[in-house]
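Show me how the following folds:
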Amino acid sequence: RAFQRFYHLQQLNIQFCKLNSLPAGTFLGLDNMKSLTVRTHNSDWSAMALELTPDSFVGMSQLERLDLGENNLWDLPEHVFCPLTSLSHLNLTSNRLQEVSEVGVVRGCGAHLATLDLSANDLVVLPEAGLAG
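Reported below is the predicted structural model:
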């Protein structure tokens, strides 16, 4: 809840900070947030990877744009994007994702996505129903 006092904040950029996790409730209180960028550039240090929890983005129902590029993400928790009911643009470029099913936008989550960028990942398989729903 590091940002809970900034309840009018609509855009937040966090770049070049060597974060290793976004714990549950990190962004609680940012109810008006429209755009969030978290780019750790952890790939510069191969041992560093950003880890998310299923509740990393809870309380951000107005978020429309999420940029998680260049974080050395290897996987995403199931349903991690479900609290983001207004999400229309998701950038996951330059991570280490290997399967589309790891993107976390299945079973109704991410239903409003207009843009999904998976460029420069390590995708090795595109299952038939990998992004079903």
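
going forward, measure contacts between C-alpha atoms and count neighbours the same way
Will do.

Any regions of this structure where pLDDT drops low?
Segments of the chain classed as low confidence (criterion: pLDDT under 70) are 102-108, 129-133.

Excluding sequence neighbours, find me the nearest residue to residue 50.
Setting aside the residues directly before and after it, residue 50 is nearest to residue 20 in space (Cα to Cα, 6 or more residues apart in numbering), at 4.4 Å.

Burial check on the nearest residue to residue 98 once chain neighbours are set aside, number of neighbours?
Leaving out its chain neighbours, the residue that sits closest to residue 98 by Cα to Cα, 6+ apart is residue 123, at 4.0 Å. Neighbour count of residue 123, defined by other Cα atoms under 10 Å: 14.

from what I can see residue 32 touches residue 10, true?
Yes: contact criterion Cα atoms under 8 Å: residue 32 and residue 10 qualify, at 5.6 Å.

quick one on the thing from earlier: and the residue nearest to residue 50, how many residues sit next to it?
Neighbours of residue 20 under the rule other Cα under 10 Å: 16.
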